[in-house]
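A.B. asks: I would like the atomic coordinates for the input below:
(one chain, ligands or ions: 1)
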Amino acid sequence: MGALDSVARLVGNTPLVELKSLSPESGVRLFAKLEAQNPTGSIKDRIVLRILERARATGALAPGQQIVEASTGNTGVALAMFGRMLGHPVEVCVPESVYPEITQLLQAYGAKIRFVPRQAGIKSAVEVAQRLAVEEGSFLLNQFGSAENLRTHYETTGAEILSDLDQVDVFVAGMGTGGTISGAGRRIKEANPGCKVFGVEPRLGVHVQGLHSLDDGFIPPVLDESVLDGKIIVGNRHAFSHARRAMLAEGIFGGISSGAVLHAAMRAASRLKRGNVVMIFADGGWKYLGTNLWSVDDDLETVDKAEDPLDDILWW
Ligand SMILES: Cc1ncc(COP(=O)(O)O)c(C=O)c1O
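C.D. replies: Below is the predicted model of the structure:
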C-alpha cells in the first residue's frame, strides 16, 4: 500500500478471517469480519464517516458546526475522532454505565461528554441528544434514525463480505442500532436468498457493550426486521467465555459483543451439516481490559456445557 492522504482511507475493507479450530464439522466454516481494524477500533467508523461526509456535502452540517450524538461508546469515539479531523466540536451523550476507557478516549479526542442516568438506557440518551441539538443548534448525527447507517452497511460491509466469499449460508451480527444486520444482511440475502440472518441481543437488563435488547421497547427506526430470520439472546457469561475462546483458540482479541456473536454463531452452526457462517466482530478487546473478562478462570468447556436456560433462539 502506498501513502494514504488521510486516516479516513483506512475505514472499511476489514479482513474476513476463518476460525478453523472452532468449526463444529468439517463442512461447516466460521468466518469473522474483524471491525477492530478500523482506525478508532470499531465498525462505527464506517457510519460516522459516511454520515458526516453526506451531511457536509448537502450542507446539513455547516463548517465548524457542533455535532451531538447519543452513544454507548464506539460511535461516540468514532465521532470524536472524525469530528475533530473535520473541524467540528463534538458532544456525546453516554449512559453513566459506560466503560471508563471509553470516557478516557472521548476526552483524549477532546469531545464534550454528557452523562445520562444508567437506568435511563439508550432511548433517553437519544432524547437528550435530540434536545441538545435543538437547544444548542448542533447537528444530530442520528445513528439510530439515519438511513445512511443502513446504506453504509449495504454498500460496504455486506458488499465486502460477498467479494471475499461466494456463498454465505448464515450471517450473524450484534444489534445496537440494527444498521449492520439490516444493511449487510439485506445485501447478503439478495446474493444468497437462502441465507439465514440472525441478530444477537443481550438479555433484557444485561449490559453487553454496544448491543441493545429490543425487549426494552425501543425499536430503532434503522432496524429492518424483515431481514431477520431470528434473534439469538446471549447472556454475559457466554459472551465473556466466547470472547476468551476466540482469543485463546484463534488469537483474535475481540470485544464482549464479539464473544456474544461467536456464541450465537456456534449455536446456529451446530445445526448445520455444511455451509459458511459469517460473523461480525464489531470491536476489539482493548476497551474491556478493565473488566474481569480476560481473567476469570472459568473452565471454558464447563461454561459451554452449562446450558443457560435463558439463552434462546426466537424465530419470527
Ligand atoms: C461493540 C458493538 N457491537 C455491535 C454493535 C451493533 O451495531 P449496529 O448499531 O450496527 O446494530 C455496536 C454498536 O454500537 C457495538 O458498539
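A.B. asks: give the buried residues for stretch 105-118.
C.D. replies: 105, 106, 109, 111, 113, 116 (16 or more other Cβ atoms under 10 Å). (C-beta placed from N, C-alpha, C; glycine too.)
A.B. asks: the ligand: which of these is nearest?
C.D. replies: Closest approach to the ligand among the buried residues of stretch 105-118 (Cβ to the nearest ligand atom): residue 105, at 12.9 Å.
A.B. asks: surely that closest one and residue 79 touch.
C.D. replies: No - using Cβ atoms under 8 Å as the test, residue 105 is too far from residue 79 to be in contact (11.3 Å).
A.B. asks: if we can go back for a sec, how about the buried residues of stretch 105-118 in CSV, adding distance to the ligand?
C.D. replies: Output for these, formatted as CSV (distance: Cβ to the nearest ligand atom, whole Å):
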residue, distance to the ligand
105, 13
106, 14
109, 16
111, 16
113, 17
116, 16
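A.B. asks: now, which of the residues you listed lie within strands?
C.D. replies: Among the buried residues of stretch 105-118, DSSP state E puts 113, 116 in strands.
A.B. asks: which ones are touching the nearest residue to residue 105 once chain neighbours are set aside?
C.D. replies: Excluding its sequence neighbours, the residue lying closest to residue 105 (Cβ to Cβ, 6 or more residues apart in numbering) is residue 77, at 5.0 Å. Listed by Cβ atoms under 8 Å, 6 or more residues apart in numbering, the contact partners of residue 77 are 40, 41, 42, 44, 71, 102, 105, 106, 109.
A.B. asks: in the stretch 201-316 of the chain, which residue sits nearest the ligand?
C.D. replies: residue 210 (2.2 Å).
A.B. asks: near that residue, how many other residues are there?
C.D. replies: Close neighbours of residue 210, defined as other Cβ atoms under 10 Å, add up to 26.
A.B. asks: ok so, going back, out of the contacts of residue 77, list just those in helices.
C.D. replies: 44, 102, 105, 106 (DSSP state H).
A.B. asks: surely the second one meets residue 92?
C.D. replies: To tie it back to what came earlier, the one meant is residue 102. No - with contact defined as Cβ under 8 Å, residue 102 does not count as touching residue 92 (9.2 Å).
A.B. asks: more neighbours, the two?
C.D. replies: Counted by other Cβ under 10 Å, residue 102 and residue 92 do not tie: residue 92 has more neighbours, with 29 against 21.
A.B. asks: which element is that one on?
C.D. replies: strand 90-95 (DSSP states H and E).
A.B. asks: residue 243 now?
C.D. replies: Going by DSSP H and E, residue 243 is in helix 236-250.
A.B. asks: which strands or helices does that helix pack on?
C.D. replies: With contacts taken as 3 or more Cβ pairs under 8 Å, 6 or more residues apart in numbering; DSSP states H and E, helix 236-250 sits against helix 256-269, helix 300-305.
A.B. asks: ranking those by burial, who's on top?
C.D. replies: Highest mean neighbour count among the helices and strands packed on helix 236-250 (mean count of other Cβ atoms under 10 Å): helix 256-269, with a mean of 27.
A.B. asks: returning to what we had before: what sits in contact with each of residue 102 and residue 92?
C.D. replies: residue 76.
A.B. asks: for the most centrally placed residue in the chain, which non-adjacent residue is spatially closest?
C.D. replies: Central residue of the chain (Cα atoms, centre = their mean): residue 282, 4.2 Å from the mean position. Spatially, and ignoring its direct neighbours in sequence, residue 282 is nearest to residue 43 (4.5 Å; Cβ to Cβ, 6+ apart).
A.B. asks: that neighbour and the ligand, how far apart?
C.D. replies: From residue 43 over to the ligand the distance is 6 Å, taken as Cβ to the nearest ligand atom, to the nearest Å.
A.B. asks: verify the stated contact: that residue with residue 261.
C.D. replies: No - when contacts are counted by Cβ under 8 Å, residue 43 is not listed as touching residue 261 (11.4 Å).
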